[in-house]
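> Need coordinates for the below:
(one chain, ligands or ions: 1)
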Amino acid sequence: MASIGSVRFIIETKTESSVFLHGKNQQRSRFPVFAYRPKNAFNFAVSLSLRFKPVRATGKEDISGDGSEDTLQATIEKSKKVLAIQRDLLRQIAERRKLVSSIQSSVGDHEVDRTSHEQRENSLPNSGNTSTIDVNMLEQQNGAVLPSSVHATADEVPETSSSAISGGHAKVEKELEQNVSPTTASFVKNSTKLLKEMNSEKVWSDEMPSFLSSTSEISTINDENNGGSNESTSPKVDNVESDSMTEDTKPPPLAGANVMNVILVAAECAPWSKTGGLGDVAGSLPKALARRGHRVMVVAPRYGNYAEPLDTGVRKRYKVDGQDFEVSYFQAFIDGVDFVFIESPIFRHIENNIYGGNRLDILKRMVLFCKAAVEVPWHVPCGGVCYGDGNLAFIANDWHTALVPVYLKAYYRDNGVMRYARSVFVIHNIAYQGRGPVDDFSYMDLPEHYIDLFKLYDPVGGDHFNIFAAGLKTADRVVTVSHGYAWELKTSEGGWGLHNIISENDWKLRGIVNGIDAKEWNPLFDIHLTSDGYTNYSLETLDTGKPQCKAALQKELGLPIRPDVPVIGFIGRLDHQKGVDLIAEAVPWMMGQDVQLVMLGSGRQDLEDMLRKFESQHTGKVRGWVGFSVKTAHRITAGADILLMPSRFEPCGLNQLYAMTYGTVPVVHAVGGLRDTVQPFDPFNESGLGWTFDSAESNKLINALGNCLLTYRQYKKSWEGLQRRGMTQDLSWDHAAEKYEEILVAAKYQW
Ligand SMILES: Nc1ncnc2c1ncn2[C@@H]1O[C@H](COP(=O)(O)OP(=O)(O)O[C@H]2O[C@H](CO)[C@@H](O)[C@H](O)[C@H]2O)[C@@H](O)[C@H]1O
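Numbering: from 1, shown residues only. The predicted model follows:
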């Protein structure tokens with residue numbers, strides 16, 4: 001949509017009250033200035049002021065063109081709107097100036113520490129008072145909706161002398177490079193640069209943009225497609241000091257003109273809360289999106305007393321099943337991402353039982369969470385400024401947050417609010433759908449006709465209520481976590497009753513393989529490998545580092561410390577999906593081999609008992625660790641030689657990716673994401689990454705594992721090749737984030 005960014009206006013001034021505007025961009029009305037770039041209204045204000053072309057009126061023109069009274073009236077109305085927009089921009093600019101000068105002074109005090117920075121930003125005047133953060137969403141829908149407490153009028157702009165400001169720029173920028181994250185630095189640098197421009201008398205006169213106060217000719221700029229970018233706007237104008245335009249030229253963000261505001265909403269987010277892979281994704285995908293230049297937020301419930309996030313002071317109330325719930329919001333800015341946690345008594349202290357309780361309890365928790373999450377961009381100031389609802393996309397994950405797209409539509413978009421906000425729904429696991437009797441719809445608090453989205457016929461149970469179905473139908477785009485799973489979802493076996501809905505919505509479905517957090521899951525930096533005899537290692541130190549970790553694991557678990565015995569690991573939820581029972585069937589065969597088996601998991605009681613039983617039956621060979629231990633998961637990944645993943649279905653699977661990064665060779669059932677990510681070993685071409693088997697049967701597992709053990713024992717070179725190829729893959733989130741960006745952009749331009 002090149003035309004969206006190509007705003008080109010000519011302003012003709014007749015008298016002070018008759019400013020006429022001819023817009024060439026037909027689609028612009030769909031993307032109002034503020035809605036399109038709320039984050040960078042400051043930047044935009046300057047570029048906008050440079051793009052308008054004032055033409056001095058001669059007084060001879062026929063101002064209405066055809067002389068019609070109606071046209072004249074309409075044009076006057078339009079002009080008034082433009083002036084109103086300008087006034088609003090001035091207000092926002094004033095606020096940005098305040099923000100920049102507060103950042104400058106804090107940087108000058110050597111206090112640009114992320115946490116304290118956020119603390120300051122969040123202690124905006126009156127931010128603790130709910131009544132002052134009373135956002136009139138209907139009136140402000142076109143822009144970055146700022147809480148009333150953060151609005152400042154032009155009159156309120158603190159008197160800051162130009163020289164004082166410019167004197168601080170160099171210092172600020174230098175210290176920023178050393179002290180703050182790239183995203184913050186980029187924002188502040190951008191802001192300080194613009195502040196310089198704003199304080200230049202050649203651009204500003206008496207706080208007014210030059211086009212409003214002066215009649216000097218400013219060259220019109222045809223700005224192609226730069227609307228969403230934070231940094232790509234580079235207004236060229238004759239009367240601006242050239243040095244302020246050319247100095248500290250930086251490459252544009254990787255996302256270029258596609259920069260958006262993105263809010264990922266998830267029921268868990270590592271490292272604060274995690275029961276499985278969803279937590280990992282929520283903790284790491286946003287960082288990769290932020291690295292591409294997007295402004296990114298994660299919204300999750302606050303289950304415990306987390307150290308980093310601080311109370312923003314914002315309070316809101318939501319009704320669930322007729323009951324009033326007050327929620328508050330905690331926020332931290334980490335690795336370029338705003339992490340916002342929603343606090344309510346119903347989330348408190350259930351971090352070890354996130355999806356526990358009875359069906360209605362879970363349902364009510366998720367209703368409250370989703371209702372509150374959709375409004376976060378209006379209410380929660382991050383770095384002093386709310387995200388607003390323009391140029392915004394939500395990413396909802398699995399059934400727990402499938403109500404986000406539904407509420408976005410039913411409460412807001414259907415009513416002309418949040419018109420430019422979009423939603424992407426990510427399927428991590430379709431086996432859990434938020435099913436219940438049709439009566440559960442009453443808890444949703446939605447218009448009656450919305451029931452059709454939720455109602456689904458099931459051959460076994462008849463009509464039922466299904467939250468996953470509603471999310472799938474309502475979201476603007478749907479993503480799942482591998483190509484293989486995207487295909488499987490459309491089959492009656494893989495779709496778990498939703499295959500028809502998936503097929504009907506195939507046009508908006510795409511598979512994107514998960515990445516891994518290259519800091520968290522990296523043998524060179526892994527913090528869990530720095531004690532108890534473990535060691536960090538890399539490809540270069542694999543020969544010594546991995547055997548040391550193996551010995552440390554054997555010692556820690558009380559197994560015989562033997563470098564030659566293959567250690568086989570399993571990590572995962574103990575349920576039907578993960579195929580633990582297939583391992584159980586293979587245990588008698590395994591125990592006939594000279595191997596050690598280490599299993600870590602929690603879940604189904606019978607499978608937990610089985611792990612304990614194996615350990616007691618084969619004390620010198622098997623360890624079954626029942627429980628959830630992130631540290632142990634990292635240590636098994638580093639210390640084991642082989643990782644078993646016999647999952648019956650696996651949307652993506654992260655453990656096999658972690659394993660390969662640590663030089664641990666995977667043996668997997670070729671399904672879903674496992675098939676996508678583990679290319680089978682080919683001994684003739686010395687290619688491939690591990691062993692796969694084509695159906696979830698124990699004899700197939702035994703066959704694949706047997707070949708793997710043979711190679712481990714007898715073909716050391718081939719084994720090293722497998723490890724080397726696994727470790728040298730780029731499995732980082734960066735590729736996946738680029739693909740997510742394509743989806744976000746597609747959603748944004750979907751009407
Ligand atoms: N007992 C334990 N102690 C410590 N850590 C444990 C643990 N049990 C599991 N974990 C950890 O939880 C994560 C599990 O991730 P997976 O992707 O393998 O599975 P999960 O089925 O939860 O995720 C779903 O979502 C993800 C993300 O999209 C998909 O990859 C996957 O296929 C899909 O089923 C890993 O980080 C693993 O180390």
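> For the rest of this, base every contact and every neighbour count on C-alpha atoms.
Will do.
> In this protein, where is pLDDT below threshold?
1-72, 75-76, 79, 82-249 (pLDDT under 70).
> Get me the contact residues on it for the ligand.
For the chain, the contact set with the ligand under CA under 6 Å from any ligand atom comprises 276-278, 281, 428-429, 481, 571-573, 600-602, 627-630, 633, 650-655.
> Among these, which ones are in helices?
If you go by DSSP state H, those have 277-278, 281, 630, 633, 655 in helices.
> for those residues, which one is nearest residue 73?
Nearest to residue 73 out of these is residue 281 (CA to CA; 54.0 Å).
> Check the burial of the closest one by counting its neighbours.
With neighbours defined by other CA atoms under 10 Å, the count for residue 281 comes to 25.
> Next, the contact list for it, please.
269-270, 514, 516 (CA atoms under 8 Å, 6 or more residues apart in numbering).
> Also residue 582?
Taking CA under 8 Å, 6+ apart, we find residue 582 in contact with 646, 696-698, 701.
> ok, and for the helix or strand hosting it, which residues are buried?
Per DSSP states H and E: residue 582 is located in helix 580-591. Neighbour counts over helix 580-591 (16 or more other CA atoms under 10 Å) mark 580-584, 586-587, 590 as buried.
> what does stretch 683-695 give?
688-693.
> Mind checking which of those are in strands?
Judged by DSSP state E, strands contain the following of the buried residues of stretch 683-695: 691-693.
> Distance check, residue 541 against residue 530.
From residue 541 across to residue 530, the span is 15 Å (CA to CA, to the nearest Å).
> circling back: quick one: buried ones out of the contacts of residue 281?
By 16+ other CA under 10 Å, these give 269-270, 514, 516 as buried.
> which one of the residues you listed sits closest to residue 286?
For these, the closest approach to residue 286 (CA to CA) belongs to residue 269, at 10.7 Å.
> Unless I misread the structure, that closest one falls within a helix.
No - per DSSP: H, G, I helix; E, B strand; the rest coil, residue 269 lies outside any helix segment and is coil.
> Now stretch 439-449: buried residues?
440-441, 444-445.
> Okay, now it: how far is its last residue from its first?
By CA to CA, the extent of stretch 439-449 from end to end equals 14 Å.
> What of stretch 583-598?
End to end - CA to CA - stretch 583-598 spans 11 Å.
> And stretch 570-579, by the same measure?
End-to-end distance for stretch 570-579, by CA to CA: 11 Å.
> ok, and for that stretch, which residues are buried?
Buried residues in stretch 570-579, counted by 16+ other CA under 10 Å: 570-575, 578-579.
> Just the closest of those residues to the ligand, please.
Closest to the ligand out of the buried residues of stretch 570-579 is residue 572 (3.6 Å), distances taken as CA to the nearest ligand atom.
> Next one: the closest one from residue 277, what distance?
According to CA to CA, residue 572 and residue 277 sit 10 Å apart.
> Give me the three-state assignment for residue 311.
What three-state DSSP gives for residue 311 is strand.
> With the one 5 residues further on instead?
What three-state DSSP gives for residue 316 is strand.
> coming back round to it: for the buried residues of stretch 570-579, work out which two are farthest apart.
570 and 575 (12.9 Å).
> could the ones in helices among the residues of the chain next to the ligand go into a markdown table alongside distance to residue 594?
Below are those laid out as a markdown table (distance: CA to CA, whole Å):
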| residue | distance to residue 594 |
| --- | --- |
| 277 | 32 |
| 278 | 36 |
| 281 | 36 |
| 630 | 28 |
| 633 | 23 |
| 655 | 24 |
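> Any of these buried? List them.
Among those, those buried by neighbour count (16+ other CA under 10 Å) are 277-278, 281, 633, 655.
> Which of the residues you listed sits closest to the ligand?
Distance to the ligand across those (CA to the nearest ligand atom) is lowest for residue 277, with 3.3 Å.
> How about residue 532: what's its closest non-neighbour residue?
residue 552 (6.8 Å; CA to CA, 6 or more residues apart in numbering).
> tell me what the host helix or strand of the one you found is packed against?
Using DSSP H and E, the element containing residue 552 is helix 542-557. Counting contacts by 3 or more CA pairs under 8 Å, 6 or more residues apart in numbering; DSSP states H and E, helix 542-557 packs against helix 630-639.
> then the helix it packs on to PDB, C-alphas only?
Extracted C-alpha coordinates of helix 630-639, given in PDB (Å, rounded to 0.1, in the frame of the first residue of the first chain):
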ATOM      1  CA  VAL A 630      14.000 -25.200  34.500                       C
ATOM      2  CA  LYS A 631      17.500 -25.700  35.800                       C
ATOM      3  CA  THR A 632      17.400 -29.400  35.500                       C
ATOM      4  CA  ALA A 633      15.900 -29.100  32.000                       C
ATOM      5  CA  HIS A 634      18.900 -27.000  31.000                       C
ATOM      6  CA  ARG A 635      21.300 -29.400  32.600                       C
ATOM      7  CA  ILE A 636      19.800 -32.500  31.000                       C
ATOM      8  CA  THR A 637      19.900 -30.700  27.600                       C
ATOM      9  CA  ALA A 638      23.600 -30.100  28.100                       C
ATOM     10  CA  GLY A 639      24.600 -33.300  29.700                       C
END
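> Report the buried residues of it.
632-639.
> on contacts alone, who are the packing partners of that helix?
Helix 630-639 sits against helix 542-557, strand 567-574, strand 596-603, helix 655-661, with contacts defined as 3+ CA pairs under 8 Å, 6+ apart.
> still on that earlier bit, can you state the direction angle for the helix holding residue 552 and helix 630-639?
Helix 542-557 and helix 630-639 are oriented at 140 degrees to each other (axes from the mean of the first three to the mean of the last three CA atoms, to 10 degrees).
> Show residues contacting helix 542-557.
Identification of contacts with helix 542-557 by CA under 8 Å, 6+ apart yields 529, 532-538, 560-563, 567, 623, 635-636, 638-640, 663.
> What are the buried residues along that helix?
Neighbour-count burial for helix 542-557, counted by 16+ other CA under 10 Å, picks out 542, 545-554.
> Pick the one among those closest to residue 292.
Set against residue 292, the nearest of the buried residues of helix 542-557 by CA to CA is residue 542 (31.7 Å).
> So what's the residue count around residue 474?
22.
> Can you verify my assumption that residue 341 contacts residue 331?
Yes - contact criterion CA atoms under 8 Å: residue 341 and residue 331 qualify, at 6.2 Å.
> shared neighbours of those two, anything?
Residues touching both residue 341 and residue 331 by CA under 8 Å, 6+ apart: residue 309.
> Excluding sequence neighbours, find me the nearest residue to residue 614.
Leaving aside its sequence neighbours, residue 614 sits nearest to residue 622 (CA to CA, 6+ apart; 6.5 Å).
> Got phi/psi on the one you found?
phi -120, psi 140 (degrees, to the nearest 10).
> Tell me what it is bridged to.
On the basis of DSSP bridges, residue 622 is bridged to residue 597.
> list the contacts for it?
Applying CA under 8 Å, 6+ apart, the residues contacting residue 622 are 596-599, 614-615.
> give me that answer again for 10 Å
Shown in contact with residue 622 (CA atoms under 10 Å, 6 or more residues apart in numbering): 557-559, 567-568, 587, 591, 595-599, 611-616.
> cool, and residue 742?
The contact partners of residue 742, by CA under 10 Å, 6+ apart, come to 255, 258, 736, 748.
> returning to that earlier point: return the subset of the contacts of residue 582 lying in helices.
When DSSP H is applied, the contacts of residue 582 are split such that 698, 701 fall in helices.
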